[in-house]
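Chemist: pasting a predicted model and its sequence here:
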Amino acid sequence: MRIIVTEQGVLIPKQLLEGIREVEVRNQQGILLVLPIAESDPILQLGQEPITDVVDDASTHHDRYLYANP
């Protein structure tokens, strides 16, 4: 597909961006890359807002606290 570069830049057809909300445009060694930006993955947010507790060794002994018999 060829696209004309205008004074405003380039218009990428919407059908090429189906399901994508945001992109990053990079120029790497003369090659233009249009990369979709993935939605935030909640697993990557773990540990961003830790809680405080009286237990100070939960990170090393978490199994004991999760699976201990009451």
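Modeler: That came through, no problem. Numbers count the residues shown, from 1 in each chain.
Chemist: helix, strand or coil for residue 59?
Modeler: Following DSSP: H, G, I helix; E, B strand; the rest coil, the label given to residue 59 is coil.
Chemist: I meant to write residue 63 there.
Modeler: Applying three-state DSSP: residue 63 is helix.
Chemist: what is the burial count for it?
Modeler: A count of neighbours around residue 63, defined by other Cβ atoms under 10 Å, yields 8. C-beta: built from backbone N, CA, C; applies to glycine.
Chemist: how close does it get to residue 57?
Modeler: Computed as Cβ to Cβ, to the nearest Å, the residue 63 to residue 57 distance reads 12 Å.
Chemist: what does residue 18 give?
Modeler: Between residue 18 and residue 57 the computed distance is 49 Å (Cβ to Cβ).
Chemist: what does residue 10 give?
Modeler: 56 Å.
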